[in-house]
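A.B. asks: Let's see this in three dimensions:
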Amino acid sequence: MGFFDMLTGTKRPEDGVVPRPAEELRTALLGLNGPDVPYIINDGAAHGADLVAEWRLAEPAWQTFFIGSRLTHAIRIRMRLAEDVPEVRAVEEQWEVTRVGNPPRLQASAEYGRGAGRTVSRRWSLQRGENGRLEALETFSFDSAQLTGPLRNTAVEAGWTWRGVIFGKL
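C.D. replies: Numbers count the residues shown, from 1 in each chain. Now for the predicted structure:
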């Protein structure tokens, strides 16, 4: 892995892994959807891509989670399945979000960014342990790798290269 690959988040499958057909990979990526994951993967035709993955910011069932995460950036990953190579070309887009209103809701601002990034939010509380000493207990954890990790791993396990795109077209 070269330096530029590290910057873009590019990951290649192990040598000898035979790439699965594009439709099988597409099905596997869509199969990551579920009611217990904070993201949704859909057809990406409206966004100029084959697939789009994004946080469930607008869904009422997930709003409390995202407000509690103190999330500062919404993320959308547009994916193009380049069957001839085979690689998944992925553009990660980010928008700054703020909390507005009472009860608070997330609202996108005008700030936009493109390229690999990572948002981590953790909350800890102090309490006395069984031995009477103070211990830090993690009470909340959020990591944007919860979105990018499963996508990238699914592509690589299917024998495809995951190529992060910063410049140029998808």
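A.B. asks: only C-alpha atoms for contact and neighbour calcs from this point on.
C.D. replies: OK.
A.B. asks: could you pull out the helices for the protein?
C.D. replies: 3-8, 22-30, 60-68, 145-157 (DSSP state H).
A.B. asks: got any ranges where the chain has weak pLDDT?
C.D. replies: Applying pLDDT under 70 to the chain picks out residues 1, 4, 7, 58, 63, 66-73, 97-123, 139-144, 168.
A.B. asks: Do a quick rundown of the strands in it.
C.D. replies: 39-43, 51-55, 73-82, 87-100, 105-114, 120-128, 134-143, 161-164 (DSSP state E).
A.B. asks: Output the helices of the chain in CSV; the columns should cover mean neighbour count and distance to A49.
C.D. replies: Converted to CSV, those look like this (neighbours: other C-alpha atoms under 10 Å; distance: least, C-alpha to C-alpha, whole Å):
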stretch, mean neighbour count, distance to A49
helix 3-8, 13, 18
helix 22-30, 16, 12
helix 60-68, 15, 25
helix 145-157, 18, 15
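A.B. asks: Surely I41 and A49 touch.
C.D. replies: No. With contact defined as C-alpha atoms under 8 Å, I41 does not count as touching A49 (11.9 Å).
A.B. asks: Compare those two (neighbour count), which wins?
C.D. replies: A count of neighbours by other C-alpha atoms under 10 Å puts I41 above the other of I41 and A49, at 22 against 18.
A.B. asks: check contacts around the more buried one.
C.D. replies: 29-30, 32-33, 51-54 (C-alpha atoms under 8 Å, 6 or more residues apart in numbering).
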